[in-house]
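>>> my questions are about this predicted structure, shown below with the sequence.
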Number of protein chains: 2
Amino acid sequence: MQDRNAQQPTQINIEASIVSGILSARIRPGTRLGESQLATLFDVSRTRIRESMMRLETRGIVTVSPRRGWFVVEPSAEESMKVYEARRIIEFGLLRNLSTVSEQDLEILARHLQEEKLAIAKGDRQRLTCLMGDFHIRIAEIAGNEIIVETLRDLTARTILISMLYQSDFHAQESHDGHCRIFEALQEGDFNAAAELAIRHLDEVETGLDLTHRPDPLSDLRNSLSLPPLSSEPKE
Amino acid sequence: MQDRNAQQPTQINIEASIVSGILSARIRPGTRLGESQLATLFDVSRTRIRESMMRLETRGIVTVSPRRGWFVVEPSAEESMKVYEARRIIEFGLLRNLSTVSEQDLEILARHLQEEKLAIAKGDRQRLTCLMGDFHIRIAEIAGNEIIVETLRDLTARTILISMLYQSDFHAQESHDGHCRIFEALQEGDFNAAAELAIRHLDEVETGLDLTHRPDPLSDLRNSLSLPPLSSEPKE
DNA sequence: CGTGTCAGCTTTGTATGCAAGATAGAAATG
DNA sequence: CATTTCTATCTTGCATACAAAGCTGACACG
């Protein structure tokens, strides 16, 4: 995020900084992204920050509240389900339409899984979050379709925000196992199975969330009339 | 498209105007979209036009050539194949993940097919182009996932641009038949078959293109030398 | 006749300025 | 003491201004 020394941080850099901040779970959902704040941080004028924000808005990463500011999205339970559904749709189609996977690609995936294992062993949760998302992007990259890669990257960013909001505990091992199963299916060239496994994996992750729990019960209170607060803060 | 009388055409209106212009095949690929030109057309300042352009750029609808201007994208043969591939992936996953289709939804599709038939009978090619694209969006709407709907809408816009570039003749009847077959499969609740049919349909449409034929034989040269693309007239 | 150069005109890129909305905290009032 | 109102301040929304770069066409020259 510190591109301060770069002479000309282009809009793409600014966007990438924020997205990577989210992918690595350093930026929490609901974070306020003040225009002038970012402007001084990146040492550019507000204009360019605004342009980046607009781009991120169309990518579903931030929202603007009129005259109040830009915020990293806080997906509602419904939106979260839509995100997972969209991922199931795309990843299923992706794997099913695969015809071959090169040795090289399998190598990349194998190395990735190794890294996941390492992160689990070290208990590096932040790195793990990042890796878990990256696995799916890797698969999209194997398919070689940039359009799908981009779409999936943005959905993954949202997924990470969702997990920061609703994930009670992080079944890392379970997720890792899911990835391994998909890898094995790919290794055997059984793309049908891989696709089914991907759906099952995403279902597992989704059911691991507590989508009934409101992370910010006050948002209800602000909007509608009095409603009893559910429970305590979901602080890590 | 004439929001001139609307007091405050919001960015979303501006974007929608251009996208709908593309979806209805009134705006050709490579059309130059001058900032000041659009600014006077919509009666807003260049700032807001620029913001809309940035948004459209992230949606893959327009590109900017530095200091030269904004242009509606002219997908290359490779990009075109990627677009069709992405559509196959998404639409396949979409149909496969469907579990039920309500009577109401079937009704909507049936009416849509009726309209297609009418347009074929009347030989209204522009309307037909629009309808052909819309069919796929309708299906996404049935699935009820806005994320997928938006993605598919943008891909459809690009598809229409592609067909304007590479389509020699418009096998409208063939496309319509493809839609009908998908509809029948949905009617019978056979989502597996519907998904396979969708892939076949998209393949047919894609092979109906002449992706080896360069509409602008100089485009290679132009791109490699970063010359301006073929600019037809801006809107009307 | 072809080619290179330069002035001016046009168009985008970026910054800045100002207005309007929103928030928070103080002050006033019951 | 609680509640409301008002003002000070901050933040975004939008327009405008100016700088930088590209394009055009005239003109000079080989």
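In hand now; what should we look at?

>>> in chain A, where is pLDDT below threshold?
A:1-9, A:213-236 (pLDDT under 70).

>>> how about the strands of it, start to end?
Taking DSSP state E as the test, the strands found in chain A are A:32-33, A:62-65, A:69-72.

>>> now mean neighbour count and distance to DNA strand C too, for the ones you listed, in JSON lines please.
To be clear about C-beta, it is placed using only N, CA and C from the backbone, and glycine gets the same treatment. Formatted as JSON lines, the strands of chain A follow (neighbours: other C-beta atoms under 10 Å in any protein chain shown; distance: least, C-beta to the nearest atom of the strand, whole Å):
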{"stretch": "strand A:32-33", "mean neighbour count": "16", "distance to DNA strand C": "11"}
{"stretch": "strand A:62-65", "mean neighbour count": "16", "distance to DNA strand C": "7"}
{"stretch": "strand A:69-72", "mean neighbour count": "19", "distance to DNA strand C": "9"}
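
>>> between those, which gets nearest to DNA strand D?
Minimum separation from DNA strand D across the strands of chain A (C-beta to the nearest atom of the strand) falls at strand A:69-72, 3.7 Å.

>>> briefly note if the closest one comes near chain B.
No. Using C-beta under 8 Å from any C-beta of the partner chain, we find that strand A:69-72 stays clear of chain B, coming within 13.4 Å at best.

>>> follow-up on the earlier one: would CSV of the strands of chain A with distance to DNA strand D be doable?
Below are these laid out as CSV (distance: least, C-beta to the nearest atom of the strand, whole Å):
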stretch, distance to DNA strand D
strand A:32-33, 7
strand A:62-65, 5
strand A:69-72, 4
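
>>> ok, the residue lying closest to residue A:191 once chain neighbours are set aside to residue A:154 distance?
What sits nearest to residue A:191 in space, not counting adjacent residues and going by C-beta to C-beta, 6 or more residues apart in numbering or on different chains, is residue A:98, at 4.7 Å. The gap separating residue A:98 from residue A:154 is 21 Å, by C-beta to C-beta, to the nearest Å.

>>> just how off-centre is stretch A:28-43 within its chain?
20 Å (C-alpha atoms, centre = their mean, to the nearest Å).

>>> next: stretch A:106-120.
Distance of stretch A:106-120 from the chain centroid (C-alpha atoms, centre = their mean) equals 19 Å.

>>> kindly report the same for stretch A:109-121.
The gap between the average C-alpha position of stretch A:109-121 and the chain average comes to 18 Å, counting by C-alpha atoms, centre = their mean.

>>> and that stretch, what's buried?
Going by neighbour count (16 or more other C-beta atoms under 10 Å in any protein chain shown), the buried part of stretch A:109-121 is A:109, A:112-113, A:115-116, A:119-120.

>>> same check on stretch A:33-44?
For stretch A:33-44, burial by neighbour count (16+ other C-beta under 10 Å) applies to A:33, A:35, A:38-39, A:41-42, A:44.

>>> what is the nearest of those to residue B:74?
The closest of those to residue B:74 turns out to be residue A:44 (C-beta to C-beta; 30.9 Å).

>>> tell me the phi and psi of that closest one?
phi -130, psi 180 (degrees, to the nearest 10).

>>> and residue A:97, by the same measure?
For residue A:97, the backbone dihedrals (degrees, to the nearest 10) come out as phi -80, psi 0.

>>> these two touch, right, it and residue B:96?
No. Using C-beta atoms under 8 Å, residue A:97 is not in contact with residue B:96; the gap is 11.1 Å.

>>> and residue A:133, how far is that from residue A:139?
Distance check for residue A:133 against residue A:139: by C-beta to C-beta, it reads 11 Å.

>>> kindly report the same for residue A:167.
When distance is defined by C-beta to C-beta, residue A:167 is 22 Å away from residue A:139.

>>> quick one: which of these two has more around it?
Taking neighbours as other C-beta atoms under 10 Å in any protein chain shown, residue A:167 and residue A:139 compare with residue A:139 leading, 27 against 17.

>>> got the contact list for the most centrally placed residue in chain A?
Nearest to the mean C-alpha position of chain A, by C-alpha atoms, centre = their mean, lies residue A:157 at 2.3 Å. Counting by C-beta atoms under 8 Å, 6 or more residues apart in numbering or on different chains, residue A:157 touches A:19, A:22-23, A:61, A:133.

>>> can you pull the domain assignment for chain A?
Domain assignment for chain A, taken from automatic domain parsing, gives A:11-72, A:77-207.

>>> how about the helices of chain A, start to end?
Remark: helices assigned in chain A by DSSP state H are A:11-23, A:35-42, A:46-58, A:77-96, A:103-122, A:125-143, A:146-166, A:172-187, A:191-207, A:217-223.

>>> just put these in TSV and tack on distance to residue B:176.
Below are the helices of chain A laid out as TSV (distance: least, C-beta to C-beta, whole Å):
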stretch	distance to residue B:176
helix A:11-23	41
helix A:35-42	49
helix A:46-58	33
helix A:77-96	24
helix A:103-122	39
helix A:125-143	30
helix A:146-166	26
helix A:172-187	38
helix A:191-207	30
helix A:217-223	46
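
>>> nearest to residue A:71, of those?
Nearest to residue A:71 among these is helix A:46-58; the distance by C-beta to C-beta comes to 10.2 Å.

>>> hmm, the closest one touching DNA strand D?
Yes. Using C-beta under 7 Å from any atom of the strand, helix A:46-58 reaches DNA strand D at A:46-47, A:50.

>>> isn't residue A:175 up against residue A:131?
No. In this structure, residue A:175 is not within contact of residue A:131 by C-beta under 8 Å, at 9.7 Å.

>>> please identify which of those two sits among more neighbours.
The neighbour comparison of residue A:175 against residue A:131 (other C-beta under 10 Å) goes to residue A:131, with 24 against 20.

>>> sorry, back to before: determine which two of the buried residues of stretch A:109-121 are furthest apart.
Largest pairwise distance in those, by C-beta to C-beta, is 16.5 Å, between A:109 and A:120.

>>> can you tell me the residue of chain A closest to chain B?
Chain B sits closest to residue A:93 of chain A, with a gap of 3.1 Å, by C-beta to the nearest C-beta.

>>> return the backbone torsion pair for the residue of chain A found nearest DNA strand C.
DNA strand C sits closest to residue A:45 of chain A, with a gap of 3.0 Å, by C-beta to the nearest atom of the strand. In terms of degrees, to the nearest 10, the main-chain angles of residue A:45 are phi -80, psi 160.

>>> show me what contacts it?
Going by C-beta under 8 Å, 6+ apart, residue A:45 touches residue A:39.

>>> near DNA strand D, which residues of chain A? Just list them.
For chain A, the residues in contact with DNA strand D (C-beta under 7 Å from any atom of the strand) are A:33-37, A:46-47, A:50, A:64, A:66-70.

>>> one more time with 6 Å, if that's ok
A:34-36, A:64, A:66-67, A:69-70 (C-beta under 6 Å from any atom of the strand).
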